[in-house]
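Q: when you get a sec, could you give me coordinates for this:
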Amino acid sequence: MPPSSLESALTIPAYALAATTLDPTGLGNLPPDLLTETTFGARYELGEMIGEGGMGVVRSCVDRRIGREIAIKSVKPGRGSGGDSAIRFLREACVQGQLEHPAIVPVHDLGRDADGTLYFTMKRIRGMTFERIIDALRMGEDDAVRQFSRRKLLGAFASVCHAVDFAHARGVVHRDLKPGNVMLGDYGEVYVLDWGLAKVVGAPEALLPSGPPITSGSDPGGKTAHGATLGTPGYMSPEQARGETVDARADVYALGAILFELLALEPLHRHGTPQIALDSTLAGADARPSARCPHLDVPPELDAVCERATALDPKDRFLTVRDVVDAVERYLDGDRDLERRRDVAREHARTAAIHAADALTRGHGATDVRALALREVGRAIALDPGNRDAVRTLMRLMTEPPREVPPDARAAMLVDTARSMRIGSRIAAIAYLTWFVYTPLMLLMGIRSWTAWAIGSAAWLCASGAAYASTRRRRDDDKVDLPTLFAGAVAVAVSSTIFGPYVVVPSLAVIGAMLLHLAPDRSRRTLVVILNCLAVALPAALQWAGVLPASYVFEHDAVTIQPLMVSFPPVTTQVFLLISNVALIITGCAMVAPFRNTLTAAEERLHVQAWQLRQLVPEEARPASAPPPPKSTLRLPQARR
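A: Below is the predicted model of the structure:
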C-alpha cells in the first residue's frame with residue numbers, strides 16, 4: 001500500500017531487517033551500542049508484570065534518570081535474543097517508535113539489559129481493553145453499563161480507526177487487531193497495542209519459527225498464530241488465514257470484527273478452538289449484530305458497516321480504514337444512511353402488506369394480525385415516510401375497518417355509548433313528564449274519570465322515574481335499559497286504553513321504539529318492537545273482546561270516539577288534538593337530535609383523523625392514499641355552533 005503524500009514512509013533500520021546473510025546468532029547486524037548496557041540496573045527499577053504477549057513480557061518500571069513510571073517490554077524468556085525473534089522484536093520497537101500518534105504508545109528507549117536480553121521502554125498506560133469492557137457489558141456489570149455507553153465505545157472505535165489509518169499512511173499494516181489489543185484509558189485515551197506482527201510495506205518479512213501457536217494476552221480466541229499464518233483466529237481476514245500476502249484491507253476486516261463485537265457483545269466468529277474460528281472465517285458469517293442479538297437494537301447503519309468491513313472478498317470491503325471511520329462518524333453525527341433506511345423500510349412494508357392481506361382476508365379473529373400489520377407499517381413510515389407501499393397499506397387498513405371491534409376499541413366505545421345513553425335517558429325522563437303539561441287542557445275539556453287520569457299520571461311518572469334512574473346507574477354494556485323499556489311500554493298501554501289505540505297513542509309508541517332502537521346492542525331490539533306493539537294492540541284487543549269499554553264505535557260509515565277520561569267539547573278538543581300532535585312532532589325531533597349530533601360528531605372525528613393521517617405523509621406519497629369522494633357527491637356537514 002503506497003503511503004500518503006502527506007506522510008513520510010516509515011523506514012526500518014538495517015539492524016532490524018532480516019537478511020539472508022544474517023549470522024547464526026543473529027547478532028552480526030546489530031549495532032554495538034545494543035550489545036551491552038552496563039547502566040541498565042542503575043537506570044531502571046523493574047516492577048510487577050503487566051502483561052504477556054507472543055514474543056515479549058511487559059513489566060512496570062521506574063526510570064530513575066527521569067523519575068517517572070514507565071513500562072518495559074523485553075523478549076520473553078525462552079525466546080532468545082537472537083535470530084528471527086530478535087529481528088521481529090526490534091522491528092516492533094522501531095515501528096511503534098516511529099508511529100507518533102496519540103493512540104499509539106510512544107517508545108522511549110531501546111537496548112539490552114545486563115543479561116543481554118533485548119528491551120524497549122514506553123509510556124505506562126492504564127485502563128481497560130475492549131476485551132475486558134465487552135466481557136463486563138456481556139455480564140451486565142452495573143459499573144460497565146453506566147461507564148461505557150454505545151456512543152462512548154463507538155467514539156473510541158473511531159479513534160482506533162484513525163490510528164490504524166495513520167499507520168497505513170506510513171506503510172504499516174498491523175495484522176493483529178483485536179479487542180485485547182485496544183485499550184481505553186482511564187481519562188478517555190485510546191491506544192492500539194502490540195505491533196509485533198506489523199507488516200512494513202517494502203521491507204522484507206521476518207519469519208517466525210515454526211511450531212505450535214502461543215498465547216497472546218487473554219484474547220478470547222486464545223492464540224496468535226506463528227508460521228505461515230500470522231494473526232489471531234477470529235479476527236484475521238480470510239486471506240490472512242490462508243497465508244496470502246495482505247494489505248490494509250486485512251486491518252479493515254479486523255476492525256469490522258471488533259465493531260461487531262462491540263455492538264453484539266459476542267465475537268463474530270465463535271471461539272471454541274482456533275480451528276473453529278478459522279473455519280468460520282473462511283466460510284463467512286452473518287455480520288449483522290442486529291440479526292445475532294436483536295434485543296440490543298443495533299441500528300441498520302452500523303449493521304451495514306460491519307457487513308461491508310468483513311466481506312469475504314477484499315474487493316467488497318471498504319477500500320481504506322478512513323472509509324470505515326467516516327461511516328461510523330456519519331452515524332455518530334446523525335447523518336443516517338438513507339438508502340439503508342429505505343431498504344429496511346421496504347422490508348417492513350413487505351411484511352406489513354402480508355399481514356394486512358391476511359387480516360383483511362380472514363376477517364374475524366384477525367385483530368392480532370392487523371395490529372402486527374399496523375406496527376410494521378409504522379416502522380416502515382418512520383424509516384422512510386415516502387415509502388408508497390407502506391402508505392398504501394396504511395390507508396387500506398384505515399379505510400377497511402376490522403369486522404370485529406378490537407377489545408381496547410370496544411372498551412372505549414362502551415364509555416362513549418354509556419354517555420350517549422345517559423343523555424338520551426335524561427331527555428326521555430323530561431319528555432315523559434309532558435303528560436302533566438296537557439293537564440290544564442284536560443281540565444278545560446272536563447275530566448270524566450279522575451281514576452283514569454290518576455292511573456295515566458302514575459304510569460307516565462313511573463316511566464320518567466325509570467328513565468332518570470337509568471342515568472344514575474353505572475353501565476358496563478350498551479344494552480337497552482329494561483326498567484325504562486317496560487315502564488315506557490306500560491305508560492303507552494295505559495294511554496292507549498284511556499285515549500284509544502288509533503289516534504295519538506301510536507305516535508307515542510313509534511317515538512319510544514325508535515329511541516330505544518338507537519342503543520348499539522341488537523339483542524333487545526325484538527323485545528322493544530314486541531312491547532311497543534303490545535302497548536297498542538293489547539288494549540285494542542281487550543276492547544274488541546268487551547273486557548274494556550270501547551274507545552271507538554263504528555256504525556253508519558262513521559267512527560265515533562267515546563270519551564273515557566275527558567269530555568270532548570268541540571273547540572277545546574280540537575285545540576288539545578292540535579297541541580298534542582304538534583308536541584309529538586317536537587318531542588320526537590328533540591329526542592332524536594342529540595343522537596344525530598353524536599353521529600355527526602363521530603363522522604367529523606373520523607374525517608379529521610383521516611385528514612391528519614394524510615398530513616403525516618409527504619406530498620409525493622399522497623397519491624398512494626385513498627382518493628377523497630367526488631365533489632359532486634360530497635356533502636360537508638355544517639359546523640356546529
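Q: what's the helix or strand for Gly47?
A: With secondary structure defined by DSSP states H and E, Gly47 is part of strand 44-52.
Q: buried set for the following helix or strand past that strand?
A: The element immediately downstream of strand 44-52 (helix or strand, assigned by DSSP H and E) is strand 56-63. Within strand 56-63, the residues that qualify as buried are 56-59, 61-63, counting by 16 or more other Cβ atoms under 10 Å. Quick note: C-beta positions are derived from backbone N, CA and C, even for glycine.
Q: what does stretch 277-296 give?
A: Buried residues in stretch 277-296, defined by neighbour count with 16+ other Cβ under 10 Å: 277-278, 280-281, 285, 287-290, 292.
Q: again with stretch 542-554
A: Buried residues in stretch 542-554, defined by neighbour count with 16+ other Cβ under 10 Å: 542-543, 548, 550-551.
Q: same question for stretch 584-597.
A: Residues of stretch 584-597 classed as buried: 584, 587-588, 591-592, 595 (neighbour count, 16+ other Cβ under 10 Å).
Q: what residue spans form the domains of this protein?
A: Domain ranges of the chain: 14-123, 127-337, 339-399, 415-602, per automatic domain parsing.
Q: of those domains, which is nearest Pro407?
A: domain 339-399 (7.6 Å; Cβ to Cβ).
Q: next, work out how far apart Ser457 and Ser149 are.
A: Counting by Cβ to Cβ, to the nearest Å, the gap from Ser457 to Ser149 is 79 Å.
Q: and the domains of the chain as JSON lines, adding distance to Pro407 and mean pLDDT?
A: Listed next are the domains of the chain as JSON lines, based on distance: least, Cβ to Cβ, whole Å; pLDDT from 0 to 100:
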{"stretch": "domain 14-123", "distance to Pro407": "57", "mean pLDDT": "77"}
{"stretch": "domain 127-337", "distance to Pro407": "28", "mean pLDDT": "85"}
{"stretch": "domain 339-399", "distance to Pro407": "8", "mean pLDDT": "83"}
{"stretch": "domain 415-602", "distance to Pro407": "13", "mean pLDDT": "75"}
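Q: what residues does Ala254 make contact with?
A: Taking Cβ atoms under 8 Å, 6 or more residues apart in numbering, we find Ala254 in contact with 174, 176-178, 231, 235-237.
Q: identify, from the buried residues of strand 56-63, the entry nearest to Arg317.
A: Using Cβ to Cβ as the measure, the one of the buried residues of strand 56-63 that approaches Arg317 most closely is Gly56, at 31.0 Å.
Q: please enumerate the strands of this protein.
A: Secondary structure of the chain, counting by DSSP state E: strands at 44-52, 56-63, 68-75, 107-112, 118-123, 127-129, 172-173, 182-185, 190-192, 199-200, 552-555, 558-561.
Q: among those, which is the most enclosed?
A: When you average the neighbours per residue for each of the strands of the chain (mean count of other Cβ atoms under 10 Å), strand 172-173 leads with a mean of 24.
Q: which other helices and strands does it contact?
A: Contact partners of strand 172-173 among helices and strands, from 3 or more Cβ pairs under 8 Å, 6 or more residues apart in numbering; DSSP states H and E: strand 199-200, helix 248-264.
Q: columns distance to Asp368 on top of the ones you listed, output as CSV?
A: What follows is the helices and strands packed on strand 172-173, written out as CSV (distance: least, Cβ to Cβ, whole Å):
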stretch, distance to Asp368
strand 199-200, 57
helix 248-264, 30
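Q: tell me which of the ones you listed sits most buried.
A: Per-stretch averages of neighbours, counted by mean count of other Cβ under 10 Å, single out helix 248-264 among these, with a mean of 26.
Q: circling back: distance to Phe260 and neighbour count added to the contacts of Ala254, as JSON lines?
A: Output for those, formatted as JSON lines (distance: Cβ to Cβ, whole Å; neighbours: other Cβ atoms under 10 Å):
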{"residue": "His174", "distance to Phe260": "18", "neighbour count": "27"}
{"residue": "Asp176", "distance to Phe260": "17", "neighbour count": "28"}
{"residue": "Leu177", "distance to Phe260": "13", "neighbour count": "29"}
{"residue": "Lys178", "distance to Phe260": "12", "neighbour count": "29"}
{"residue": "Gly231", "distance to Phe260": "17", "neighbour count": "26"}
{"residue": "Tyr235", "distance to Phe260": "10", "neighbour count": "31"}
{"residue": "Met236", "distance to Phe260": "14", "neighbour count": "30"}
{"residue": "Ser237", "distance to Phe260": "14", "neighbour count": "26"}
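Q: Arg330 and Leu262, how far apart?
A: Here the criterion is Cβ to Cβ. By it, Arg330 lies 17 Å from Leu262.
Q: next: Ser74.
A: Plainly put, Ser74 is 32 Å away from Leu262 if you go by Cβ to Cβ.
Q: select the longest helix from this protein.
A: When the chain is scanned for its longest helix (criterion: DSSP state H), the result is helix 570-616.
Q: can you give me the offset of that helix from its chain's centre?
A: For helix 570-616, the distance from its own C-alpha centre to the chain's C-alpha centre is 45 Å (Cα atoms, centre = their mean, to the nearest Å).
Q: quick one: list the elements packing against it.
A: With contacts defined as 3+ Cβ pairs under 8 Å, 6+ apart, the secondary structure elements packing on helix 570-616 are helix 388-399, helix 407-432, helix 439-445, helix 505-517.
Q: to Lys479, which of the ones you listed lies closest?
A: Using Cβ to Cβ as the criterion, the shortest distance between Lys479 and the helices and strands packed on helix 570-616 is 9.3 Å, found for helix 407-432.
Q: the closest one: how far from the chain's middle?
A: For helix 407-432, the distance to the chain centre is 37 Å (Cα atoms, centre = their mean).
Q: tilt between that helix and helix 570-616?
A: Angular relation of helix 407-432 and helix 570-616 on a 0 to 180 degree scale: 160 degrees, by axes from the mean of the first three to the mean of the last three Cα atoms, to 10 degrees.
Q: which strands and helices sit next to helix 407-432?
A: In this structure, helix 407-432 makes packing contacts with helix 450-472, helix 482-499, helix 570-616, judged by 3+ Cβ pairs under 8 Å, 6+ apart.
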